[in-house]
Structure formats: structure tokens, C-alpha cells
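In: Mind folding the following:
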Amino acid sequence: MPDEQPSTPVGHALVERGVPFREFRHPGPILSLEQAAEERGQQPEQVVRSILFRLAQDDYLMVLVAGPRQIDWKALRRYLGQSRLTMASADEVHQVTGYEIGAVSPFALPRPVRILLDEGVLRSDEVSIGSGVRNTTIILSAADLLRALGDVERVSVVPA
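Out: Residues are numbered from 1 along each chain as shown. Here you go, the predicted model:
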């Protein structure tokens, strides 16, 4: 558990789930994934990106990916059995998650969203995820992230 009360929506959600974590506030604006990782004392692969996709009108899916890795769109479409999908726009991301791009998280969402976890996220012992607030992150163990996500779909949609 954090030493102090969490200041973010995701921090509050994790406290409710009994998941240990710490919040980290960056000293200034984040300009790159590499900068974010360095300030957190992490490698870029430890920064988990929560990417929202639109499958159809009002049907969305979030994929959690490790760091700079790129999603294999063909593998994702094949897994989903979908011939078409697009990344959600900034407006859609805000509407569906309640968060701005750069602060998106799979927790404390205003409505249920299907979540896929790429196996690459679990290669690091410690990871950081969006907190719901820009320039603030949640740092926790990958095992605790997995426990907090519950019955999440684990997939391989990033090239090895």
C-alpha cells in the first residue's frame, strides 16, 4: 500500500483492491517514453502503454503493451476474428476511459472495456501504468498488476 493517500483515480481503485503500489509524479512534462522511464528509474520496456482500439461503433478494446513495442495489427485482428479495427481518436479515448492520452489505465474506467494483456508486459518484475492523471504514474510489480486485472485475456500481439 502507498505510504500516503493516493491522489489519482487509479491509485484509489488499487487501494480498494488491496494492491500495493506507489505513485510517482514527474517533475515536468513528459516528452518521450524514454524520458518517462528514466525519471522513474525504469527501462522503457517497464512502461506499460494502454492503447484503446475501436472495433465498431461504441465497441472498444484496450491492449496493454510493454514500452516501445509495436502491436502486430495482423496478429491482433486474427486473435479478435476482426478484419477491421482502428486506434481510437483522442476524443474517443477520453469519452470511453475518462482519461487523456498519456494517462490512460485499465483501472477506474467509467464503463467496462475488454482488456487484452500482451505477455511482454510480464517480462519485467516491476512496471508502471497510467494513473488517470497526466505526469503521474503508478508503479507496481507485474504480479500485482496481473492480480489487479483479474481474469484478463493474456495474448501475444507484439512481434518477438
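In: only C-alpha atoms for contact and neighbour calcs from this point on.
Out: Fine.
In: what residue ranges in this protein are flagged as low confidence?
Out: The model of the chain has pLDDT under 70 over residues 1-4.
In: Swap in 90 and give it another go.
Out: Flagging of the chain using pLDDT under 90 yields the residue ranges 1-6, 56-58, 69, 83-84, 158-160.
In: which residues does the residue most central in space within the chain form a beta bridge with?
Out: The centre of the chain sits closest to S50, judged by C-alpha atoms, centre = their mean, with a distance of 3.2 Å. Beta-bridge pairing of S50 under DSSP bridges involves L64.
In: Is the spatially most distant residue from the centre of the chain within a helix or a strand, and which one?
Out: Ranked by distance from the centre of the chain (C-alpha atoms, centre = their mean), the top residue is S83, with 24.2 Å. If you go by DSSP states H and E, S83 is not part of any helix or strand.
In: Let me see the backbone angles for the closest residue in space to it that isn't next to it in sequence.
Out: Among residues not flanking S83 along the chain, R77 sits closest, at 6.0 Å (C-alpha to C-alpha, 6 or more residues apart in numbering). The phi and psi torsions at R77 (degrees, to the nearest 10) take the values phi -60, psi -40.
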